[in-house]
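Asker: quick check, what structure comes out for this input:
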Amino acid sequence: MTLDTIIEFQDCTIIQKDTLILSDVSFTVSRGEFVYLIGKVGSGKTSVIKTINAQIPLEKGKATVAGFNLRDIRKKQIPHLRRKLGIVFQDFQLLTDRSVQENLEFVLLSTGWKLKKAIDERIGEVLERVGLGYKGYKMPHQLSGGEQQRVVIARALLNEPEIILADEPTGNLDPETSEEIIQILRSISRNGRAVVMATHNYTLLKKFTARTLKCDDGKITEVDHGAEIDFAALSD
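Answerer: A predicted model of the protein is given here:
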């Protein structure tokens, strides 16, 4: 592992509920790198993200994420690993009975922030970062889908994570809004965070090219940028 490597998998086997999902998984992701993770439904994309996040235990191989060894990680260490990760979900998972401000306050309070001034300043910073500087008072149902996803990205950034894991973040959004979201995620990577984005949105992938890992037939392979991707073969 080099100093710039933030995720490294070596000869890993990913198993979920006694079912083999992927084998011989080897890849690295560097700080500041934006990486797509593509493949059909059920090919293992979400399982890779859940393994990085220590939701799925790694039973075979070697993997290091943000300095944590996934084979040897203890239960009490997992919250510390997850503070180095920001998660962006397809279905938002916002608390619908609380305002945007209260959603973000909840995260900070639950991760040890105590001073109201510091909390308010940090929330202001991340909302400004995603273009929602004046929407903290809004309830989630008052926001468009794209605005809700911006809140989710802001939430993911709260504790200055080293890695952003985005699982189909544009899955519920229209094409124009999807482009806005991916531009935000790419900007985040340019500021030094690794971003791993699982996606089916091959229109975006073709328009905003980046390093691409493909889950297919129980393996992960790197897509040759000089070759054409068979997008039809990867569709649902």
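
Asker: can you name every helix or strand that the helix or strand Arg155 falls within contacts?
Answerer: Per DSSP states H and E, Arg155 falls inside helix 145-157. Secondary-structure packing of helix 145-157 (3 or more Cβ pairs under 8 Å, 6 or more residues apart in numbering; DSSP states H and E): strand 85-88, helix 100-110, helix 116-129, strand 163-167, helix 175-190. All C-beta spots, glycine's among them, are computed from the backbone N, C-alpha and C.

Asker: again, only this time at 6 Å
Answerer: strand 85-88, helix 100-110, helix 116-129, helix 175-190 (3 or more Cβ pairs under 6 Å, 6 or more residues apart in numbering; DSSP states H and E).

Asker: including mean pLDDT and distance to Glu160, could the ones you listed go into TSV?
Answerer: Shown next, in TSV, are these (pLDDT from 0 to 100; distance: least, Cβ to Cβ, whole Å):
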stretch	mean pLDDT	distance to Glu160
strand 85-88	93	9
helix 100-110	95	12
helix 116-129	94	9
helix 175-190	94	11
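
Asker: quickly compare these and say which is most buried.
Answerer: Highest mean neighbour count among the helices and strands packed on helix 145-157 (mean count of other Cβ atoms under 10 Å): strand 85-88, with a mean of 22.

Asker: ok, it: who's next to it in the sheet?
Answerer: strand 163-167 (parallel) (DSSP bridges).

Asker: for the most centrally placed residue in the chain, give its distance to Leu173.
Answerer: Centroid check for the chain by Cα atoms, centre = their mean gives Leu165 as the closest residue, at 1.3 Å. Computed as Cβ to Cβ, to the nearest Å, the Leu165 to Leu173 distance reads 18 Å.

Asker: what does Leu37 give?
Answerer: Counting by Cβ to Cβ, the separation of Leu37 from Leu173 is 18 Å.

Asker: the more surrounded of those two?
Answerer: Higher neighbour count among Leu37 and Leu173: Leu37, with 24 against 20, using other Cβ atoms under 10 Å.

Asker: if I look at the residue nearest to Val151 when sequence neighbours are not counted, how far off is Arg186?
Answerer: What sits nearest to Val151 in space, not counting adjacent residues and going by Cβ to Cβ, 6 or more residues apart in numbering, is Val100, at 5.4 Å. Remark: distance between Val100 and Arg186 (Cβ to Cβ) = 23 Å.

Asker: low-confidence ranges in the protein?
Answerer: Scanning the chain with the threshold set as pLDDT under 70 gives 1-3, 225-236.

Asker: still on that earlier bit, my read: the residue nearest to Val151 touches Lys138, true?
Answerer: Yes - in this structure, Val100 is within contact of Lys138 by Cβ atoms under 6 Å, at 5.4 Å.

Asker: which residues touch Ile163?
Answerer: By Cβ atoms under 6 Å, 6 or more residues apart in numbering, the contact set of Ile163 is 6, 85, 194.
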